[in-house]
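> with the input below, show me the fold.
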Amino acid sequence: MTESRAKTATASLAIDAGRLRADIDAVNAIGRIDGMPGINRISFSDADMAGRRWLLGRIEEAGLAPRMDAVGNVFGRWEAGAGPALLAGSHLDTVPHGGPLDGTLGVCAALEAVRAMRDAGLRPVRPVEVVATADEEGRFGGMLGSQAICGEVGPDWIAAAVDDGGVRLVDAMRAQGLDPAAAASADRRREIAAFLELHVEQGPVLEASGDRIGVVDAVSGVFNWTVTLNGEANHSGTTPMDLRRDAFRGMAGFGAAIDGILARHGGPDTRLTVGKVALSPNFPHSIAGRAVFSLIGRDVDEAVMRAVADACRAEIERAAAAHGLGVAIAEQSWLPPTAMDPAIAGRLATIAGAARTMPSGAGHDAQTFARHLPAGLIFVPSRGGVSHSPDEWTDWAEVEHGATVLARAVAAAASEPAVTG
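Numbering: from 1, shown residues only. As a prediction, the model looks like this:
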């Protein structure tokens, strides 16, 4: 195929929408539990690993070389051309009761992009790989799969990682036949030319503006804390209010301070969320002697993140002191804000024809890759801005459009000697 014909074929590349939808439906049959809503492929659960095995099978059917690495990342490699590979994909793990497209769309669309290229007779100048990363949803505090590929996690991090239920990462991995000691072997930065990801927006901006494609220019940083306030459990009827060491009231005092923290230190892209709370003894007639809660902070400016985090710590300590409580803050992860590659973002906008440049408030694998190599992230609209919910959905016409943009972007990047510029 001549160079001009190859460029024409790339620009007009078409996906098989029926094949893509069949893949999404098939993998989402894994992780549905009778009596429970949504998709439940929690990282390193049996359902999560079943989803990975399903993908390995689909990769092999597509004529690609399937592989799972030491931390559970799944790859499908098209051994074409020479040099570092173009990597495309996302993740298959979900939050509890998650939606059908978060991560899943990006993995299935990346596989469909490669199949469409092969169907069209395109010949890349570099290898192309589909990837489904492990634990993108952060059960163990980070984005394990993409961070391992990028050499960001070592044996000490792996050994120390624990989920919010006390399960150790090393135990969860070993239970699924994975080898925590071999995690360092997942580092492949030098083997990757660039990374591309398609994802649902998980917010309302594109739907509200009427834009069909979002091209992300920066991804918010995230800090993830688990806060424990220790007081004294006691009888709710006999203990005077001024003699209580009530862990709930300390937690509520911090919650009441959040608006002030945002007003003094935050900006339009700042987010603070207390999403999970556990009280002990958790009984109507007992004062809470212990409160444990998650605190997630986000912003696209790391200086703002630092200021907000410092203010959160100060307010937590102030609220605890007001109620005679002990404080422990486990800082599980700090992921800095990350800019996407400007050249790739420009190419994506050109391929899309019309796109909105926008930040991402949610973290994504592209954020990890972008710290080390050129990366791009494409959004399609989320109906009602809903995600991390069984009600998550994107209209199929928008799914097909986004997958087509991804396929043409993968084909363009894989078929030209320079990935960026």
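> my guess is V162 contacts D171, does it?
No - with contact defined as CB atoms under 8 Å, V162 does not count as touching D171 (9.4 Å). From N, CA and C alone the C-beta is placed, and that goes for glycine too.
> out of the two, which sits in the busier spot?
Between V162 and D171, V162 has the larger neighbour count (other CB atoms under 10 Å), namely 19 against 11.
> show me what contacts that one?
140-141, 168-169 (CB atoms under 8 Å, 6 or more residues apart in numbering).
> export the residues you listed to CSV and tack on secondary structure?
What follows is the contacts of V162, written out as CSV (DSSP: H, G, I helix; E, B strand; the rest coil):
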residue, secondary structure
F140, coil
G141, coil
R168, strand
L169, helix
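> just the buried residues of the residues you listed.
140-141, 168-169 (16 or more other CB atoms under 10 Å).
> average pLDDT for stretch 325-341?
Stretch 325-341 shows a mean pLDDT of 93.
> which residues in the stretch 301-421 of the chain form helices?
Using DSSP state H, counting those that start in this stretch, the helices found in the stretch 301-421 of the chain span residues 302-322, 342-352, 365-370, 396-415.
> just name the shakiest helix or strand of this structure by mean pLDDT.
Least confident helix or strand, the chain: helix 3-11 with a mean of 71, by mean pLDDT, DSSP states H and E.
> compute the inter-axis angle for the next helix-or-strand element following it and helix 396-415.
Counting by DSSP states H and E, the next helix or strand C-terminal to helix 3-11 is helix 17-28. Counting by axes from the mean of the first three to the mean of the last three CA atoms, to 10 degrees, helix 17-28 points 100 degrees away from the direction of helix 396-415.
> buried by neighbour count: which residues of helix 17-28 qualify?
17, 20-21, 23-24, 27-28.
> relative to D69, which of those is nearest.
Among these, V27 lies closest to D69 (CB to CB), at 19.4 Å.
> look up how far G106 lies from the closest one.
Distance of V27 to G106, computed by CB to CB, to the nearest Å: 12 Å.
> swap in P337?
21 Å.
> what do you get for A132?
From A132 to G106 the distance is 9 Å (CB to CB).
> please identify the helix or strand for the closest residue in space to L335 that isn't next to it in sequence.
Sequence neighbours aside, V222 is the residue nearest to L335 in space, at 4.7 Å (criterion: CB to CB, 6 or more residues apart in numbering). Using DSSP H and E, V222 sits in strand 221-230.
> ok, back up a step: more neighbours: P337 and G106, which one.
G106 (33 against 22).
> could you double-check that that one sits in contact with S90?
Yes - contact criterion CB under 8 Å: G106 and S90 qualify, at 2.7 Å.
> overlap of the contact sets of these two?
With CB under 8 Å, 6+ apart, G106 and S90 have common neighbours 197-199.
> among those, who's most crowded?
E197 leads the shared contacts of G106 and S90 on contacts (other CB under 10 Å) with 32 neighbours.
> who's that one bridged to?
When bridges are called by DSSP bridges, E197 pairs up with L377.
> any buried residues in stretch 347-358, and which?
347-349, 351-352, 355-356, 358.
> okay, now the unreliable bits of this structure?
1-6, 420-421 (pLDDT under 70).
> look at the residue nearest to H285 when sequence neighbours are not counted and say how many residues are nearby.
Leaving aside its chain neighbours, H285 sits nearest to S236 (5.0 Å; criterion: CB to CB, 6+ apart). For S236, the count of nearby residues is 14 (other CB under 10 Å).
> which residues sit in contact with S236?
Taking CB under 8 Å, 6+ apart, one finds 284-287 in contact with S236.
> now do the contacts for the residue lying closest to A17 once chain neighbours are set aside.
Counting by CB to CB, 6+ apart, A17 lies nearest to E400, which is 4.7 Å off, once chain neighbours are set aside. E400 makes contact with 15, 17, 20 under the criterion CB under 8 Å, 6+ apart.
> mind putting the residues you listed in a markdown table, distance to L206 included?
A markdown table is the format used below for these (distance: CB to CB, whole Å):
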| residue | distance to L206 |
| --- | --- |
| I15 | 20 |
| A17 | 20 |
| L20 | 20 |
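> kindly state the beta-bridge partners for the residue lying closest to W334 once chain neighbours are set aside.
Residue nearest to W334 in three dimensions, not counting chain neighbours: F223, with 5.0 Å by CB to CB, 6+ apart. Per DSSP bridges, the residues bridged to F223 are G297, W334.
> what number of residues lie near F223?
Around F223 there are 21 residues (other CB under 10 Å).
> and if you look at the one 10 residues further on?
Other residues within reach of A233 by the criterion other CB under 10 Å amount to 19.
> how about it: what's its closest non-neighbour residue?
G289 (3.1 Å).
> correct me if wrong: the one you found contacts T228.
No - counting by CB under 8 Å, G289 stays clear of T228, with 11.3 Å between them.
> who's more crowded, these two?
G289 (19 against 16).
> list the contacts for V153?
Per CB under 8 Å, 6+ apart, neighbours of V153: 142, 144, 147, 183.
> residue nearest the centroid of the protein?
H364 (3.9 Å; CA atoms, centre = their mean).
> coming back round to it: and for A132 and G106, which residues touch both?
89-91.
> tabulate these (CSV), appending neighbour count and secondary structure.
Converted to CSV, the shared contacts of A132 and G106 look like this (neighbours: other CB atoms under 10 Å; DSSP: H, G, I helix; E, B strand; the rest coil):
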residue, neighbour count, secondary structure
G89, 30, strand
S90, 29, strand
H91, 30, strand
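> among those residues, which one sits closest to P381?
S90 (16.8 Å).
> isn't that closest one right up against A134?
No - counting by CB under 8 Å, S90 stays clear of A134, with 11.8 Å between them.
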